[in-house]
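# pasting the structure only:
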């Protein structure tokens with residue numbers, strides 16, 4: 001298990017863009033399970049949408065990519081402090097199934113499916129209470 005203090009060692013993101021609150025399971029070279037607590041205080045809810053707040057889909061994808069980034073960094077035993085950056089470079093087969101709203105706990109899962117010449121490919125999914133919210137194949141590059 002990793003708390004937010006340890007997560008910040010592996011991700012360069014900070015408020016309001018750090019979208020992983022806790023890692024509950026990590027298997028190096030394999031998979032990660034993390035989560036993001038979604039609260040009404042999130043800054044994006046002021047404009048998306050004021051009377052009917054919904055977490056933007058791009059931020060759900062970003063949250064999955066951040067969880068994948070933690071898995072990649074931990075697997076390589078590198079941190080941004082070492083001079084390594086892990087960039088989100090693409091997503092394929094992205095599908096959204098339901099909105100994410102304040103009060104939801106967004107579970108983030110990523111599995112490594114390929115690593116080639118510094119490009120990592122992950123099969124990712126986000127869910128709330130066991131119900132699929134989003135799925136995507138996400139690519140990240142270690143630079």
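Sure, I can see it. Note that this is a predicted model, so its numbers are computed, not measured.

# who's sitting farthest from the centroid in this structure?
Within the chain, the residue lying farthest from the chain centre (Cα atoms, centre = their mean) is residue 51, at 26.3 Å.

# for it, phi and psi?
When read as degrees, to the nearest 10, the backbone of residue 51 gives phi -100, psi -10.

# same deal with the one 10 residues further on?
Dihedral angles phi and psi of residue 61 (degrees, to the nearest 10) take the values phi -60, psi -40.

# that one - how many residues pack around it?
Neighbours of residue 61 under the rule other Cβ atoms under 10 Å: 20. Placement of C-beta: from N, CA and C, glycine included.

# and it, what does it touch?
91, 94, 134, 136, 138 (Cβ atoms under 8 Å, 6 or more residues apart in numbering).

# just to revisit the earlier point, quick check: pLDDT value at the residue farthest from the centre of the chain.
Looking at residue 51, its pLDDT stands at 95.

# distance check, the residue lying closest to residue 3 once chain neighbours are set aside against residue 91.
Nearest non-adjacent residue to residue 3, counting by Cβ to Cβ, 6 or more residues apart in numbering: residue 22, 6.2 Å away. Noted for residue 22: a distance of 23 Å to residue 91, by Cβ to Cβ, to the nearest Å.

# and if you look at residue 139?
According to Cβ to Cβ, residue 139 stands 7 Å off from residue 91.

# with residue 10 instead?
Taking Cβ to Cβ, one finds residue 10 at 21 Å from residue 91.

# just the helices in this structure please.
For the chain, the helices defined by DSSP state H occupy 4-10, 57-76.

# turn those into a markdown table, including mean pLDDT and distance to residue 118.
Output for the helices of the chain, formatted as a markdown table (pLDDT from 0 to 100; distance: least, Cβ to Cβ, whole Å):
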| stretch | mean pLDDT | distance to residue 118 |
| --- | --- | --- |
| helix 4-10 | 97 | 17 |
| helix 57-76 | 97 | 10 |
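
# give me whichever of these is most buried.
helix 57-76 (a mean of 23; mean count of other Cβ atoms under 10 Å).

# quick one: distance of it to the chain centre.
4 Å (Cα atoms, centre = their mean, to the nearest Å).

# hang on, the earlier thing: compare the contacts of residue 61 and tell me which is most surrounded.
residue 138 (25 neighbours).
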